[in-house]
Structures are given as C-alpha cells and as structure tokens.
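Visitor: Build me a model from this:
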Amino acid sequence: MRALVMPKVPTAVTTKDEIMLEGIIDYAGLYPPASLDMQSVVHNWSEFLQSDDNWMLARLIIPSNQIDEFTQCAKGLLPPAGEEMWQLSMLLPPASDDGFEDAVQKTIAFNISDCGAVANVVEFKAGTASEIDTALELLHDDLFPFIELPIDEDPRGLIACLSGAIAGAKVRTGGIVADMYPTSNALALFIHSCAVAGQSFKATAGLHHPCQNQNDNVGVKEFGFLSVLQATAAANIHGASVEDVEQILTLAKPDLSMFTDTELEQVRAELFNSIGSCSLDDPRNDLRKMGLLKESK
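Guide: Below is the predicted model:
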C-alpha cells in the first residue's frame, strides 16, 4: 500500500522525523470539530499542498455523497492535465447500507472523469466478516479500502478476515463526545492485533496531537499519534504485550529513540499508515514545540 519515497522535506529536522511524519495526515476538514464547508476545505487543501509542510499530507477525505460539491468547489484549483493529481480518500456509507454499491460506482465514475483529482482509497464501516467479504467483492481493483472495525469488541476475528486481502483496517480513536473514545485497553488490543498480524491500519478522530492531550471540551484525555506509532513499533519490533502497548499509549510523551530508522520505516510502510485529522495546524504546531519540525519559510 505505502511506498515511502521522501520528497524534499525542508521542514523536517532529522531523517527519523521524515520517516515518522511523511504522509501521516489525511486531511478531514469537513468533519468535527473543524466542520468546515467544502469551499474552505478545498481552499485549505490547495494551500497546504503549496506549503513547505506538504510532505506530511497523504489524502483529502471527501464523503461520496458530496462528490459533485467537491468538483464544483475545486474548479480553478485542481491541477491541469500532466501535473500530479490531488489524492483523495472517499468516505463511503457503511458496508451494510443499501447505498454502498452505488457509492462505489460513483467513486469509480469520478476517477474515470479525470478531473485533476483521484480517489484511490475508500473508507467505510463493516461489523461482520460477511459484510467485509461482500464489500471487497464490489470494489474496483484500483480502490484500496480502509475498513473501520468496531472498537468496542475484540477485533481479532475481523482483522483475521482481512488477512490476505488487499485492504487496511481503520480504528476510531475519538469524536465529539466522550463515549466515542475507546478505552486504552481496547485501542491497545487493536494495535497489538494489527502489529502481530502484519495488518496495515489507519486511525481517525481525536488524534490531532502527537502526545497525550487533555480535551477539556469533551472531558477526556486524547491519545497521541506518535504514541500510536511507538506502540505499534513496540509490538511489531520488540514483541510488546497488549499490556505494554496500553502503557505506552498512556505515557505523557512518546519516545521513539529505541527504534532505528529502518525499523520505523518498516512500521510506517507496512502497519501504521496515517491518521485522519481535521486540522494541520494542531499537529504541526505541537511538532515544532517538540523540535521535530522546523518553521515554514
């Protein structure tokens, strides 16, 4: 799924920072807490791509039921033929939804339109092995799926269903209310299961910050995305247990110094793909304070 090809990264401090942060953010500005309108989101994306920090970005997340609005708002901003297209991730209805197949076909039609953007990734929820199998049969070969699995139950059975499939798992790590945040044990079990199985995954919501963060608006402590990276690497490289992974997730500050550049590159390439974030400023401001990111020119 991921081939780490480092572009020029003028704001990275070290090679390890490049590996940790390259393509880490899928921009989800339409979603809470930002909840921006489409025009603002496509304008932001265009600006982000022209910034010195563009190497941290992977894809722009757009819901399939707003494809037409995206196309209209992005007119004049999309790159012309011959230039690199905008990379999108299309958020589809749940696999159990009657509109799932139509959304897949709409995504395929969008890609064929050659408008200057392409959705080579899709995301959707699935709660059973049957839903996963049926959904995968409907997908075009050019669409890589990240399938959001329930976090409130043991994920190992559904992760096993993805074994051998060209697909990634997805975990929800927060939201607009406290009940949408998983327990540290539930998230640890998900991460450990993926690390042991060699299953790629992405995480979304509540991960704006690299370190553990207190969200007073919701009244919870949020997980940090670099803590998720450390936990994944510890389980995969060092054989950390679920309990060890949970402890890492609850540390105030992550420490990735015990991993080599090669080990972290492997974890990013094969396991921890990206995070969905409605903000670019929050993560990069924190990373600058941590000394992992230089100021943009």
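
Visitor: CA atoms for contacts and neighbours, from now on please.
Guide: Will do.

Visitor: Just list the residues touching Leu187, thanks.
Guide: Counting by CA atoms under 8 Å, 6 or more residues apart in numbering, Leu187 touches Ile151, Thr173, Glu246.

Visitor: What ranges does the stretch 151-297 of the chain have for its strands?
Guide: Taking DSSP state E, counting those that start in this stretch, the strands of the stretch 151-297 of the chain run over residues 168-172, 201-204, 213-215, 220-222, 272-277.

Visitor: Please identify the most buried of those strands.
Guide: Burial of those is given as mean neighbour count (mean count of other CA atoms under 10 Å); strand 272-277 ranks first at a mean of 27.

Visitor: Let me know the angle separating it from strand 168-172.
Guide: In terms of direction (axes from the mean of the first three to the mean of the last three CA atoms, to 10 degrees), strand 272-277 departs from strand 168-172 by 40 degrees.

Visitor: pull the longest strand from the chain.
Guide: strand 117-125 (DSSP state E).

Visitor: helices and strands around it, which ones?
Guide: strand 86-91, helix 100-112, strand 144-148 (3 or more CA pairs under 8 Å, 6 or more residues apart in numbering; DSSP states H and E).

Visitor: Tabulate those (CSV), appending distance to Glu18.
Guide: What follows is the helices and strands packed on strand 117-125, written out as CSV (distance: least, CA to CA, whole Å):
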stretch, distance to Glu18
strand 86-91, 20
helix 100-112, 30
strand 144-148, 24
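
Visitor: picking that back up, identify whichever of the strands of the stretch 151-297 of the chain lies nearest to His238.
Guide: In terms of CA to CA, the element of these nearest to His238 is strand 272-277, at 15.7 Å.

Visitor: now the helices: where do they sit in the stretch 1-150 of the chain?
Guide: Ranges of helices within the stretch 1-150 of the chain are 15-21, 38-49, 67-73, 100-112, 129-138, based on DSSP state H, counting those that start in this stretch.

Visitor: now do the stretch 151-297 of the chain
Guide: 156-161, 184-197, 225-237, 242-249, 261-270, 281-289.

Visitor: Which one, of the ones you listed, ends up nearest to Asp68?
Guide: Closest among the helices of the stretch 151-297 of the chain, using CA to CA: helix 281-289, at 27.4 Å.

Visitor: now the angle from that closest one to helix 225-237?
Guide: Counting by the same axes, to 10 degrees, helix 281-289 lies at 80 degrees to helix 225-237.

Visitor: And helix 281-289, what does it pack against?
Guide: Helix 281-289 is packed against no helix or strand, with contacts defined by 3+ CA pairs under 8 Å, 6+ apart.

Visitor: Quick one: mean pLDDT over it.
Guide: Mean pLDDT, computed over helix 281-289, is 95.

Visitor: Could you report the neighbour count for Phe70?
Guide: Neighbours of Phe70 under the rule other CA atoms under 10 Å: 17.

Visitor: swap that for Leu143, please
Guide: Using other CA under 10 Å, Leu143 has 21 other residues around it.

Visitor: Please tell me I have it right and it contacts Val118.
Guide: No. With contact defined as CA atoms under 8 Å, Leu143 does not reach Val118; the gap is 10.1 Å.

Visitor: Around Cys278, count how many other residues there are.
Guide: Count around Cys278 with other CA under 10 Å applied: 27.

Visitor: my guess is it contacts Ser40, does it?
Guide: No. Cys278 lies out of contact with Ser40 (CA under 8 Å); the separation is 11.9 Å.

Visitor: For the residue nearest to Tyr31 when sequence neighbours are not counted, what are phi and psi?
Guide: In space, and not counting its chain neighbours, Tyr31 is closest to Cys278: 6.2 Å by CA to CA, 6 or more residues apart in numbering. Backbone torsions of Cys278, given as degrees, to the nearest 10, read phi -80, psi 0.

Visitor: do you know how far Cys278 is from Leu207?
Guide: Noted for Cys278: a distance of 10 Å to Leu207, by CA to CA, to the nearest Å.

Visitor: Repeat that for Pro155.
Guide: From Pro155 to Leu207 the distance is 20 Å (CA to CA).

Visitor: Neighbour count: the two, which is higher?
Guide: Between Pro155 and Leu207, Leu207 has the larger neighbour count (other CA under 10 Å), namely 28 against 21.

Visitor: re the thing from before, would you tell me which one of the helices of the stretch 1-150 of the chain is buried the most?
Guide: Compared across the helices of the stretch 1-150 of the chain, helix 15-21 shows the largest average neighbour count, a mean of 20 (mean count of other CA under 10 Å).
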